[in-house]
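Visitor: what would the 3D arrangement of this be:
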Amino acid sequence: MSEAQRDVRLQEIAAWENQFFLAKTNERAPYEQWLEQVTKQLDEEKKQRFFAYLDDVVFRLHAAVMHSKAFDEAHRRIVQTARIFEPTIREIDDFKKLPLETADFIAEQMMAKQRLLAFGQGSLTGVGGLFFLALDLPVLAAIQLQSLQQLALIYGFDPRRAEETEAILKIFHLATLPKRDQRRYWDMLWNDLNRNDFSGFAEQSLEWLLKQIAKSLAITFLRKKLIQGVPFLGIAVGAGMNYRFAKEGIELGQRFYQKRKLLNEN
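Guide: Take a look at the predicted model:
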């Protein structure tokens, strides 16, 4: 890629940043004000222990997904697809040889499956009972982490390395934040890229957790409203919310790795 082409792509990503993170930061919904008041009243030590527990759970989930057969299979499929364009590819570092446009093409193919997987998992949650509701959040998180791991592979970054694990967890946490806070944390992500000092889940992430709880309650209620014996409304809520979270997380991850690949080519 020529320097001019590289500059054009970086400008495109900058324009995406301005559009994606566009939000009225001073506006607060009533439930957001209530949540802020509740968190202020919580004991600080207990609150920190809770966030540390969430961080540990996500880290362990990331490790479990990365050491699964699904990860090995995804790795194999990504390598096979990449060899169509560059036959010499063998290892993850070889993906750095791929032009950005080729990496983007492979990413779109793989991420279409991931978005569909999140949609299907949400639909199953809408149909199922308490068992599927209980599994909804960890399975959704696993799908998101799996997507970020695959994106790292495609753009030539090894998710098995400690620094890449840190980057993946940062993006995952970023996706759980309200839109009004994401730009600030996105900029922090780039500033902290070479330092392992990202704090993980923050109080703002409670809003995402609250939405997930509200989704589960809505599905429980809507499952009683059947259309020809099928809870279509519950399916729509589960599938729609899970698809949106997966879509936004994938978009953040893909832009992150596109930008890193471009900057590393300098």
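
Visitor: how many residues are close by residue 86?
Guide: If you count neighbours by other Cβ atoms under 10 Å, residue 86 ends up with 13. C-beta here means a position set from N, CA and C on the backbone, and glycine is covered the same way.

Visitor: please identify the buried residues of the lengthiest helix in the chain?
Guide: The longest helix of the chain (DSSP state H) is helix 232-264. Across helix 232-264, burial judged by 16 or more other Cβ atoms under 10 Å covers 233-235, 237-239, 241-243, 245-250, 252-262.

Visitor: and if you look at stretch 16-23?
Guide: 20, 21.

Visitor: so where's the stretch 101-250 of the chain uncertain?
Guide: For the stretch 101-250 of the chain, the stretches with pLDDT under 70 are 128-132, 194-232.

Visitor: can you do 90?
Guide: For the stretch 101-250 of the chain, the stretches with pLDDT under 90 are 119-140, 160-164, 166, 170, 173-185, 187-245.

Visitor: now the helices for it?
Guide: Under the criterion DSSP state H, counting those that start in this stretch, helices of the stretch 101-250 of the chain are mapped to 130-154, 162-175, 179-191, 205-222, 232-264.

Visitor: output those helices as TSV; include the columns distance to residue 100.
Guide: Shown next, in TSV, are these (distance: least, Cβ to Cβ, whole Å):
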stretch	distance to residue 100
helix 130-154	11
helix 162-175	18
helix 179-191	18
helix 205-222	31
helix 232-264	6
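
Visitor: looking at those helices, which is nearest to residue 15?
Guide: helix 232-264 (11.0 Å; Cβ to Cβ).

Visitor: other SSEs contacting that closest one?
Guide: The elements that helix 232-264 packs onto, with contact taken as 3 or more Cβ pairs under 8 Å, 6 or more residues apart in numbering; DSSP states H and E, are helix 3-20, helix 100-127, helix 130-154, helix 162-175, helix 205-222.

Visitor: please identify the deepest-packed of the ones you listed.
Guide: Mean neighbour count, computed with mean count of other Cβ atoms under 10 Å, is highest for helix 130-154 among the helices and strands packed on helix 232-264, reaching a mean of 21.

Visitor: give me the angle between it and helix 100-127.
Guide: 180 degrees (axes from the mean of the first three to the mean of the last three Cα atoms, to 10 degrees).

Visitor: off-centre distance for helix 130-154?
Guide: Centroid separation between helix 130-154 and its chain, computed with Cα atoms, centre = their mean, to the nearest Å, is 8 Å.

Visitor: packing partners for that helix?
Guide: Helix 130-154 sits against helix 44-66, helix 69-85, helix 100-127, helix 162-175, helix 205-222, helix 232-264, with contacts defined as 3+ Cβ pairs under 8 Å, 6+ apart.

Visitor: as a markdown table, those with distance to residue 182 would be great.
Guide: A markdown table is the format used below for the helices and strands packed on helix 130-154 (distance: least, Cβ to Cβ, whole Å):
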| stretch | distance to residue 182 |
| --- | --- |
| helix 44-66 | 18 |
| helix 69-85 | 27 |
| helix 100-127 | 19 |
| helix 162-175 | 6 |
| helix 205-222 | 11 |
| helix 232-264 | 8 |
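
Visitor: now do the contacts for the closest residue to residue 185 other than its chain neighbours.
Guide: Excluding its sequence neighbours, the residue lying closest to residue 185 (Cβ to Cβ, 6 or more residues apart in numbering) is residue 174, at 5.2 Å. Shown in contact with residue 174 (Cβ atoms under 8 Å, 6 or more residues apart in numbering): 182, 185, 186, 189, 252.

Visitor: skipping adjacent residues, who's closest to the fourth one in space?
Guide: With Cβ to Cβ, 6+ apart as the criterion, residue 189 has its nearest non-adjacent residue at 5.2 Å, and that residue is residue 170.

Visitor: the one you found and residue 51, how far apart?
Guide: Residue 170 sits 15 Å away from residue 51, going by Cβ to Cβ, to the nearest Å.

Visitor: measure residue 54 to residue 97 for me?
Guide: For residue 54 relative to residue 97 (Cβ to Cβ), the value is 38 Å.
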